[in-house]
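In: Next input, structure requested:
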Amino acid sequence: MSTQESKTDKILFVDIETAPLIYHYKDLDGQGKKLWDKKWQYSPEISPEERYNKAGIFAEFAKVVCISFGNFHGGKFYAKSIYGHDEKQLLTSFAEYLTKFYNTDLHNLCAHNGKEFDFPFLCRRMLINGVQIPKILSISGKKPWDVKLLDTLEMWKFGDYKNFTSLDLLAHVFGLPSPKGEIDGSDVARTYWEEKDLEKIKDYCLRDVVTLASVYCIMNNVAPVSDEQLIFATV
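Out: Here you go, the predicted structure:
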């Protein structure tokens, strides 16, 4: 087994893309608008309506539209996606995948800013949709050393909690290709609701997963994912 694979063979690298359940603030129902407004009642410098362009990052007001993930095996890196309009089906498929293939204490999930965003967002939306949370994502009551969730942002901070560093910036400082193509995260809601282009979102999400895996490798003193290693696979 190569040095790279020996350090990564039990890790699933994960990235998600989300979109608001309701695209425009004006289209929220009365209760939804009231609760959104209340969320920002102590930040009057910007109106709740203006803040609604961030609705896609809040699990109470948004849904998962794509999950991309990848793993090293046999010297290759296999990148896959589950995406679509039916969130419950998407989450169920991913939960079943984790339960089948990433269900032991030797396995880990890795995401960039995953502990603040990807992992809790997935768990919250699974609860909302009545999908059983897989063992590896269920961290309630676990000791910190028993939690199998890795986060490249946390790794990069080295204990410094003052600043956020994007995956795109880490790719730049490590000399990796930018994961950004036609769109970035701020374009996902528009791409989903106006262009209705899930394929574009999926392609963007897959690039993030490959970059994530490469950043993790560099942080662990092994070679990043090469073009020769990369295989886009089906689930």
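
In: CA atoms for contacts and neighbours, from now on please.
Out: Will do.

In: so where's this structure uncertain?
Out: For the chain, the stretches with pLDDT under 70 are 1-6.

In: So which residues of it form strands?
Out: For the chain, strands defined by DSSP state E occupy the ranges 11-20, 62-73, 76-83, 108-111, 149-151, 230-232.

In: which helices and strands sit right next to the fifth one?
Out: To tie it back to what came earlier, the one meant is strand 149-151. If contacts are counted by 3 or more CA pairs under 8 Å, 6 or more residues apart in numbering; DSSP states H and E, strand 149-151 sits against strand 108-111.

In: Just give the strands next to the strand it packs on in its sheet, each with its orientation.
Out: Counting by DSSP bridges, the strands paired with strand 108-111 are strand 11-20 (parallel), strand 149-151 (parallel).

In: Now do stretch 219-229: distance to the chain's middle.
Out: Distance of stretch 219-229 from its chain centroid, counting by CA atoms, centre = their mean, to the nearest Å, is 20 Å.

In: mind listing what residue 17 touches?
Out: Residue 17 is in contact with 64, 65, 66, 67, 185, 188, 201, 205, counting by CA atoms under 8 Å, 6 or more residues apart in numbering.

In: Adding neighbour count and distance to residue 54, write those residues out as TSV.
Out: Below are the contacts of residue 17 laid out as TSV (neighbours: other CA atoms under 10 Å; distance: CA to CA, whole Å):
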residue	neighbour count	distance to residue 54
64	27	14
65	24	16
66	27	18
67	24	19
185	14	11
188	24	11
201	25	17
205	26	18
